[in-house]
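> Sequence plus the predicted model coming up.
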Amino acid sequence: MGTLTVSEAAVTTGLSAHTLRYYERIGLLNPIGRTESGHRNYSEFDIGWIEFLKCLRATGMPIRQMKQYVDAQREGDHTLTDRLQILKEHRSSVLERIGELTRYLETIDHKIRYYSDQKEKSR
């Protein structure tokens, strides 16, 4: 892949250039390499890390908790237990949300069946 500009990284990851710069500014990303002219240069590693951050965010992890995880990761292997706990707690909340969505989907499916039955009866 080589390296990507901020615009190319935005297209590749589906995040805006603004979000990428924000993630770097608040420390979710390590400082991004720069070209001689000072433009950001995203590596394959950077893109992989951004994809992981997207996963955490898309599954509802708050930025504050993402920052806590990233800070612990940077501290080294002695934080493995802490990082594992953060991810286990997040997994639990994702599973809870999936259960909630499943219940909502069942309600929607019930209404669809009801309206489909009513439509059939009116023919």
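The structure has been received and is ready for your questions.
> separation between residue 4 and residue 50?
Taking Cβ to Cβ, to the nearest Å as the measure, residue 4 falls 10 Å from residue 50. The way it works is simple: take the backbone N, C-alpha and C, and place the C-beta from them, glycine included.
> okay, the two: which has more neighbours?
Neighbours were tallied for residue 4 and for residue 50 using other Cβ atoms under 10 Å; the higher tally belongs to residue 50 (23 against 20).
> rewinding a little: mutual contacts of residue 4 and residue 50, please.
By Cβ atoms under 8 Å, 6 or more residues apart in numbering, residue 4 and residue 50 have these common neighbours: residue 42.
> List the contacts of residue 39.
5-6.
> same check, this time on residue 116
Per Cβ under 8 Å, 6+ apart, neighbours of residue 116: none.
> One more: residue 8?
residue 42.
> Let me know the helix or strand that it is in.
helix 6-13 (DSSP states H and E).
> Looking at that helix now, give me its mean pLDDT.
The pLDDT scores in helix 6-13 average 96.
> Now do the helix or strand following that helix against helix 6-13, angle only.
Where DSSP H and E defines the elements, the next helix or strand beyond helix 6-13 is helix 17-25. Here helix 17-25 points in a direction 100 degrees away from that of helix 6-13 (axes from the mean of the first three to the mean of the last three Cα atoms, to 10 degrees).
> In the chain, where is pLDDT below threshold?
Along the chain, the parts satisfying pLDDT under 70 run over 1.
> Give me the domain ranges for it.
Listed by automatic domain parsing, the domain ranges of the chain are 1-58, 65-123.
> among those, which is the most enclosed?
domain 1-58 (a mean of 15; mean count of other Cβ atoms under 10 Å).
> Geometrically speaking, which residue is the centre of the protein?
Centroid check for the chain by Cα atoms, centre = their mean gives residue 54 as the closest residue, at 2.3 Å.
> how distant is the helix or strand harbouring that one from the center of its chain?
Taking DSSP H and E as the criterion, residue 54 maps to helix 44-58. Offset of helix 44-58 from its chain centre (Cα atoms, centre = their mean, to the nearest Å): 7 Å.
> ditto for stretch 64-74
The mean C-alpha position of stretch 64-74 is separated from the chain mean by 14 Å, Cα atoms, centre = their mean.
> No further questions, thank you.
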